[in-house]
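Next come a sequence and a model predicted from it.
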Amino acid sequence: MKIELSDNKVFFENNGSKKEIHPFWLRERVNGESFVDKGTQQRLFDPTELKGNIEIKNVSLSGKFLEVAFNDGVETKLTIQSILNEFSNTNDVKFTDKIKWDSTLSNLNNFEFSKSIFEEKVMYEALISFYKYGFVIFKKVPTENDFIVKFANSIGSIRRTNFGEFFNVKSKPNPNDLAYTSLPLAPHTDNPYRNPVPCIQLLHCIENEVSGGYSTLVDGYTVTEKLKKDHPDYFKILTEIKVRYQFIDQDVVLEDWSEMIKLDENKNFKQVRFSPRLDFVPLMDKEKLDLYYAARNKISELYNSDKYRLEFKLVPGDLLMMDNYRLLHGRTSYDANEGNRFLQGCYIDYDSTEGKLKHLKRKFNI
Ligand SMILES: [Fe+2]
């Protein structure tokens, strides 16, 4: 990647393809003191108010800088690297390569907690690991009540839901969700009925005295790629048909329509939703429903298969951070008479982890 000049025009060259950079694009980036606020890096001018045709009057490359004089009398000196950064994907976590995994995964992405971890390089490594595998486990997190709130807010901002700012996972009488019982929970994603669905779940183990109650994780990315390869017709229909996810409580009815496997604009994996207690398939032709139900059964079989399910026990002090768009989670049953099992959970969104990651990348010059 490099910048080239010709006839007062600036070109961006990458792998043999050469494109002119629009003069206005450069004009928007002028960075002198009277154009950009030093502290916030926010513009002090409104580019939509610039009238007339912006052209380059003079341009030169000198060392690490591109110096430009525009026809409206403004001059600026931009670092070439800052321009190249805008054309590369290295800053964007969307381009972190996901690593597919199944039950044979032996590295549980453990990182030891310390008070100052949120500002340390190890947090950058933990977040990169999170984006690669979809989960990470912090060990030795203080087992204080509500510590999860402090933890979440030290990465970004808590995403409050209908279950509150955070929720206590322990069996209780008259629960409004099966999570609050000692019953087994098959792999599922959380809150598929919300718009938008909370991105990341944090689960902090405070007590776990029972012999059962193992946590389970399944990589939805691995499973849907497998489905795409072995049963393309099933994959296709699950990525096309929107189903209604619904949650009903005493004072709220939450509903959202979405595909069970959601792809992005490039037809790549974006999100899975799976919660067979909460989904309602629309009425379609019988043949189409036959195919849809067969597809749903197949993906359910894969999600529930031993081959893909990671099973491990959270011990007090463990804090599991998992991607609710990529992973499914669940737990095995336990006997509440054996002792206490107490976890606290909450959600944060991707802008929290992305914001922290970019901050640490900048801080440590990575
Ligand atoms: Fe859940």
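Alright, I've got the coordinates. Numbering: from 1, shown residues only.

so where do the helices sit in the stretch 151-300 of the chain?
220-230, 232-240, 286-303 (DSSP state H, counting those that start in this stretch).

Let's have those in TSV, adding mean pLDDT and distance to Glu67.
C-beta here means a position set from N, CA and C on the backbone, and glycine is covered the same way. As requested, those are exported to TSV (pLDDT from 0 to 100; distance: least, CB to CB, whole Å):
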stretch	mean pLDDT	distance to Glu67
helix 220-230	98	46
helix 232-240	98	49
helix 286-303	98	57
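
Identify whichever of those helices lies nearest to Asn365.
Counting by CB to CB, Asn365 lies closest to helix 220-230 out of these; the figure is 30.7 Å.

any idea of the angle that closest one forms with helix 286-303?
130 degrees (axes from the mean of the first three to the mean of the last three CA atoms, to 10 degrees).

What are the contacting residues of helix 220-230?
98, 100-102, 134, 189, 234-235, 238, 261, 269, 272, 274, 298-299, 302-303, 308, 326-328 (CB atoms under 8 Å, 6 or more residues apart in numbering).

now the residues you listed: which count as buried?
Buried members of these, counted by 16 or more other CB atoms under 10 Å: 98, 101-102, 134, 189, 234-235, 238, 261, 269, 272, 274, 298-299, 302-303, 308, 326-328.

and Glu20, which of the three is it?
Following DSSP: H, G, I helix; E, B strand; the rest coil, we place Glu20 in the strand state.

so it touches Val10, yeah?
Yes. Using CB atoms under 8 Å, Glu20 is in contact with Val10, at 7.1 Å.

Which of the two has more residues huddled nearby?
Between Glu20 and Val10, counted using other CB atoms under 10 Å, Val10 has the larger neighbour count: 22 against 12.

and the more buried one, what is it in contact with?
Contacts of Val10 by CB under 8 Å, 6+ apart are Ile3, Glu4, Glu20, Ile21, Pro23, Leu26, Ile56, Val59, Leu66, Val68.

Buried ones in the helix or strand bottoming out on mean pLDDT in the chain, by neighbour count?
One helix or strand of the chain scores below all others by mean pLDDT, DSSP states H and E: helix 80-87, with a mean of 89. When neighbours are counted by 16+ other CB under 10 Å, the buried residues of helix 80-87 are found to be Ile80, Ile83.

Contacts made by it with the rest, please.
Met1, Lys2, Ile3, Phe12, Asn14, Ile21, Arg29, Leu61, Lys64, Phe65, Leu66, Asn91.

Next up, phi/psi of the closest residue in space to the second one that isn't next to it in sequence, please.
The spatially closest residue to Lys2, leaving aside those adjacent along the chain, is Glu13, at 5.2 Å (CB to CB, 6 or more residues apart in numbering). Torsion angles at Glu13 (phi, psi; degrees, to the nearest 10) stand at phi -110, psi 130.
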